[in-house]
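S.K.: have a look at this prediction, sequence included:
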Amino acid sequence: MSLQRMSFGIFMAPFHRVGDNPTLALERDLELIELLDRLGYDEAWIGEHHSAGWEIIASPEVMIAAAAQRTRHIMLGTGVTSLPYHHPLIVADRMVQLDHMTRGRAMLGVGPGALTSDALMMGIEPVHLRRRMDESLSAIIKLLNGEQPVTMKTDWFELRNARLQLLPYTRPRFPIAVASTQSPAGMIAAGKYGVGVLSIGIGGMDGGQMIRRQWALAEESAARAGTVIKRDDWRLVTTFHLAETREQAFRDVEAGERLETVGYFQRTLAHAAGPESLAELVKLGVTIVGTPDDAIEAIRTLQQQSGGFGGLLSRANDWAGREATMRSFELFARYVMPHFQDVLPSLARSRESVAEQNNRSAISPNQEAVVKAFADAGKELPKAMQERIARSQS
């Protein structure tokens, strides 16, 4: 199996603690995407939520449009659009417009909707969400193909000889990925339609068995549907925070992690209590906190456990202060990403080759050229250079 250059980015739900100024929080989100673009990150996936106070982006499409004007290279995706909340024609049409406005930097991430409170406000029973996501994704892909008018009727939307008046800028279409958590539905949908995967909540002390089982589900689904699914399009979503020392990294984020885990996931969303400390989360492989070397080791472990994947995304959060967060992303870009993008071996080979060549002779090629230049000019070498050459030969 040959995987392409690994991609890196963020999964921006986002998570902003209640009590923080929401206007400034949204501005920080855009500033972070700008920074990632300059640092060479590949992707930013932006979420959609409508309740619970922490995840405050309601329209990822609006954020993508704003971020596209501030950036040059980074791909921008919905992470994710909750398909049961929208008519599929509108989802497809808006993404095609973003694809044109970004000159091919738009991506569509889809899911059933993470918060049941969102669905209940709209009168949608949570039990129907995954079925509706599948129905919508089927319609969206048919619309994006643009080959035939689409006629489709379900209990919650209808298409009558529907066509997109504007086809995607990216041909045949922009990247599509399905969010997957512990439920098999996301992996099955990705395999069924031959699209990418955003695996959220990876890690665990099972030696990677859960990760491998998830990918096996996607492959089995693809085989049944006659589609092709590629590990290069499989992204794992974790959380990382780096500093110059492991101790500093933990000091940066311990309080913020507990505030989010307990204050939001346990007390607000009523999730079952999990690990009781940040150290336990790191041990379980759910998050990466430490130095760049720690991150390199953790990613290699994930590669081995999973059998290989194409991208790694860090959940954007407010665990650390602004400056420490920015520093963490810079450290990751400088010292971690190159190890998984095949850019370092050629540099090492070049250095070793030149060092070997220069050390084979008592006088370096550069010194030899200088000596010849003086000789050709009929001049005597400066005393300092004579002494330097003598030292190198002793």
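M.R.: Okay, I see it.

S.K.: wait, residue 35 sits on residue 328?
M.R.: No: at 10.9 Å, residue 35 and residue 328 do not qualify as touching, with contact defined as CB atoms under 8 Å. Every residue, glycine included, has its C-beta placed from N, CA and C.

S.K.: now do the shared contacts for these two.
M.R.: Listed as contacting both residue 35 and residue 328 by CB atoms under 8 Å, 6 or more residues apart in numbering is no residue at all.

S.K.: who's more crowded, the two?
M.R.: Between residue 35 and residue 328, counted using other CB atoms under 10 Å, the more crowded position is residue 328 (23 against 16).

S.K.: residues contacting that one?
M.R.: Listed by CB under 8 Å, 6+ apart, the contact partners of residue 328 are 240, 241, 242, 243, 249, 252, 320.

S.K.: gap between the helix or strand containing residue 386 and the chain center?
M.R.: Here residue 386, judged by DSSP states H and E, is contained in helix 383-393. Relative to the chain's own centre, helix 383-393 is displaced by 54 Å; criterion: CA atoms, centre = their mean, to the nearest Å.

S.K.: which of the residues in it are buried?
M.R.: Within helix 383-393, the residues scored as buried using 16 or more other CB atoms under 10 Å are residue 389.

S.K.: which helices and strands does that helix pack with?
M.R.: Helix 383-393 sits against helix 365-376, with contacts defined as 3 or more CB pairs under 8 Å, 6 or more residues apart in numbering; DSSP states H and E.

S.K.: how big is the angle separating the helix it packs on from helix 383-393?
M.R.: Using axes from the mean of the first three to the mean of the last three CA atoms, to 10 degrees, the inter-axis angle of helix 365-376 relative to helix 383-393 is 130 degrees.

S.K.: for the longest strand along the chain, which helices and strands make contact with it?
M.R.: Longest strand in the chain, counting residues (DSSP state E): strand 75-82. Based on contacts counted as 3+ CB pairs under 8 Å, 6+ apart, the elements that strand 75-82 packs against are strand 7-12, strand 43-46, helix 60-70, helix 88-101, strand 106-111, strand 176-180.

S.K.: 6 Å instead?
M.R.: For strand 75-82, the contact count by 3 or more CB pairs under 6 Å, 6 or more residues apart in numbering; DSSP states H and E identifies strand 43-46, helix 60-70, strand 106-111 as packing neighbours.

S.K.: make a markdown table from these and add mean neighbour count and distance to residue 383 to it.
M.R.: Below are the helices and strands packed on strand 75-82 laid out as a markdown table (neighbours: other CB atoms under 10 Å; distance: least, CB to CB, whole Å):
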| stretch | mean neighbour count | distance to residue 383 |
| --- | --- | --- |
| strand 43-46 | 27 | 59 |
| helix 60-70 | 18 | 58 |
| strand 106-111 | 27 | 65 |
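
S.K.: of all those, which lies closest to residue 391?
M.R.: Proximity to residue 391 (CB to CB) singles out strand 43-46 among the helices and strands packed on strand 75-82, at 53.1 Å.

S.K.: could I get the average pLDDT for that closest one?
M.R.: Per-residue pLDDT over strand 43-46 has a mean of 98.

S.K.: relative to that strand, what are the paired strands and their orientations?
M.R.: Strand 43-46 has these partner strands in its sheet, going by DSSP bridges: strand 7-12 (parallel), strand 75-82 (parallel).

S.K.: go through those strands and name the closest to residue 164.
M.R.: Distances from residue 164 to each of the strands paired with strand 43-46 were compared by CB to CB, and the smallest falls on strand 75-82, at 16.2 Å.

S.K.: can I get the host helix or strand of residue 346 in CSV? Just the C-alpha atoms.
M.R.: Counting by DSSP H and E, the element that carries residue 346 is helix 345-359. Extracted in CSV, the C-alpha atoms of helix 345-359 (Å, rounded to 0.1, in the frame of the first residue of the first chain):
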residue,chain,number,x,y,z
PRO,A,345,15.2,12.4,3.2
SER,A,346,16.5,14.3,0.2
LEU,A,347,17.9,17.1,2.4
ALA,A,348,19.6,14.5,4.6
ARG,A,349,21.1,12.8,1.6
SER,A,350,22.4,16.0,0.2
ARG,A,351,24.1,17.0,3.5
GLU,A,352,25.6,13.6,3.9
SER,A,353,26.9,13.5,0.4
VAL,A,354,28.6,17.0,0.6
ALA,A,355,30.0,16.2,4.1
GLU,A,356,31.5,12.9,2.8
GLN,A,357,32.9,14.6,-0.3
ASN,A,358,34.5,17.4,1.7
ASN,A,359,35.9,15.1,4.3
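
S.K.: now that helix, how far from the centre of its chain.
M.R.: With CA atoms, centre = their mean as the basis, the mean position of helix 345-359 lies at 33 Å from the chain mean.

S.K.: so where's the stretch 201-350 of the chain shaky on pLDDT?
M.R.: Applying pLDDT under 70 to the stretch 201-350 of the chain flags the ranges 203-207.

S.K.: can you map out the strands along it?
M.R.: With DSSP state E, counting those that start in this stretch, the ranges of strands along the stretch 201-350 of the chain come out as 234-238, 240-242, 288-290, 311-315.

S.K.: for these, which one sits closest to residue 76?
M.R.: Within those, the stretch nearest residue 76 is strand 311-315; the backing value is 13.0 Å (CB to CB).

S.K.: hang on, the earlier thing: just put the contacts of residue 328 in a markdown table and tack on neighbour count and distance to residue 303.
M.R.: What follows is the contacts of residue 328, written out as a markdown table (neighbours: other CB atoms under 10 Å; distance: CB to CB, whole Å):
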| residue | neighbour count | distance to residue 303 |
| --- | --- | --- |
| 240 | 24 | 15 |
| 241 | 28 | 20 |
| 242 | 26 | 18 |
| 243 | 21 | 24 |
| 249 | 26 | 22 |
| 252 | 22 | 26 |
| 320 | 22 | 26 |
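
S.K.: looking at these, which is nearest residue 121?
M.R.: The shortest separation between residue 121 and any of those is 32.2 Å, and it belongs to residue 320 (by CB to CB).

S.K.: nearest spatial neighbour of the closest one, skipping sequence neighbours?
M.R.: If you skip the residues right next to it in sequence, residue 320 has residue 252 as its closest partner in space, 4.2 Å away by CB to CB, 6 or more residues apart in numbering.
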